[in-house]
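> Fold the stuff below for me.
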Amino acid sequence: MVLILLQESCLEIQNNLVTLVRTKSSDSGQDNTDPAKQIHGKDGAKDIQAEGYPFHFLWRPVTSFMVWSTIWWIYILGLCSISLKHYGGLKEMFKETYGFILSVEDLSPNLGVFWYFFTEIFDFFRVFFLLVFHANILFMILPLTIRLSHRPCFLAFIFVAITAMLKSYPSVGDSALYLGLIALFINELAGMRFSFFLLNGFTGIALLSPVMYNLWIWRGTGNAIRCPFDFF
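The predicted structure follows:
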């Protein structure tokens, strides 16, 4: 479903850009036989902005989306409040869901880094490092949005990948989501540095994951300092 929505969004943006290029070319009397080349050039988005193409921001769809989202959430929260009336209500629901994720109370070994770090620190510093770890994701939002504002779909992909890697209780399903979307952004990732080392790192982690799971969960003999040698 997410893949379909991303594809539709990319196609809609591309069609809008093609229409703008054709309109501008027809007004200036230039050749508009291949507008895709004008869009996907070396500096596509910068060239379009430099040429003065009219990008109009419409508040009406944004306002409509916000209103309907608010109505939807009020409806959902009302139903949850009724169904959980005898189990503590919404307060208990938020405490056992979002509160559990933010407070990191369960320190059982998992794919993330929170559990190991918080087993090593003193309780006096626990609140401070909780704020630091959770705020780490928030600090990336503004610079990435400024840098990738001309590629909204790729920006959404980056946010999904960062969230999957830095959340307190990640799972294989979280990684499968952004790894399954890599094929949509081959052009953006083609010029990435150290791609060889990253690919081999992902491969090594994927191969060692069953071994580490057996050592940490079943045998209880895992050691993070010498984990590559635990199998032997």
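
> Skipping its backbone neighbours, what lies nearest the residue nearest the centre of the chain in space?
With distances taken as CA atoms, centre = their mean, the residue of the chain nearest its centroid is Val160 (1.2 Å). In space, and not counting its chain neighbours, Val160 is closest to Tyr178: 4.7 Å by CB to CB, 6 or more residues apart in numbering. C-beta: built from backbone N, CA, C; applies to glycine.

> same check, this time on Ala161
Closest residue in space to Ala161, ignoring its immediate chain neighbours: Tyr178 at 4.1 Å, by CB to CB, 6+ apart.

> List the residues that contact that neighbour.
For Tyr178, the contact set (CB atoms under 8 Å, 6 or more residues apart in numbering) comprises 157, 160-161, 164.

> at 10 Å instead, please
When contacts are counted by CB atoms under 10 Å, 6 or more residues apart in numbering, Tyr178 touches 2, 156-165.

> would you turn those residues into a markdown table with pLDDT and distance to Phe128?
Output for the contacts of Tyr178, formatted as a markdown table (pLDDT from 0 to 100; distance: CB to CB, whole Å):
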| residue | pLDDT | distance to Phe128 |
| --- | --- | --- |
| Val2 | 41 | 35 |
| Ala156 | 89 | 31 |
| Phe157 | 89 | 32 |
| Ile158 | 89 | 27 |
| Phe159 | 90 | 25 |
| Val160 | 90 | 28 |
| Ala161 | 89 | 27 |
| Ile162 | 89 | 22 |
| Thr163 | 88 | 22 |
| Ala164 | 87 | 25 |
| Met165 | 84 | 22 |
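
> Would you mind listing which of the residues you listed are buried?
Using 16 or more other CB atoms under 10 Å as the burial test, these include 156-162, 164 as buried.

> Let me know the average pLDDT across stretch 93-110.
With pLDDT averaged residue by residue, stretch 93-110 scores 85.

> Run through who's touching it.
77, 80-81, 83-84, 87-88, 91-92, 112, 114-119, 126-127, 129-131, 133-134, 167-171, 212-213, 215-217, 220, 222, 224.

> Can you give me the end-to-end span of it?
23 Å (CA to CA, to the nearest Å).

> in the chain, which ranges drop under the pLDDT threshold?
Low-confidence segments of the chain (pLDDT under 70): 1-57, 220, 222-232.

> Show me where it has its strands.
Ranges of strands in the chain, per DSSP state E: none exist.

> Need the buried ones among the contacts of Tyr178 in TSV (columns: distance to Leu184).
Shown next, in TSV, are the buried ones among the contacts of Tyr178 (distance: CB to CB, whole Å):
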residue	distance to Leu184
Ala156	10
Phe157	7
Ile158	12
Phe159	14
Val160	12
Ala161	12
Ile162	17
Ala164	16
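
> How about the contacts made by the closest residue in space to Ser175 that isn't next to it in sequence?
When the adjacent residues along the chain are set aside, Ser175 lies closest to Ala164, with 5.6 Å between them (CB to CB, 6+ apart). Residues in contact with Ala164 (CB under 10 Å, 6+ apart) are 111-112, 170-179.

> Pick out the most distant pair among those residues.
Farthest-apart pair in these is Gly112 and Leu179; separation 16.5 Å (CB to CB).

> Have a look at these two and say which one is more surrounded.
A count of neighbours by other CB atoms under 10 Å puts Gly112 above the other of Gly112 and Leu179, at 19 against 14.

> May I have the phi/psi pair for the more buried one?
phi -90, psi -170 (degrees, to the nearest 10).

> I'd like the distance between it and Pro170.
To Pro170, Gly112 is 5 Å away according to CB to CB, to the nearest Å.

> now swap in Leu199 and tell me
20 Å.

> Looking at the two, which one has more neighbours?
Higher neighbour count among Leu199 and Pro170: Pro170, with 17 against 10, using other CB under 10 Å.

> Understood, closing this out.
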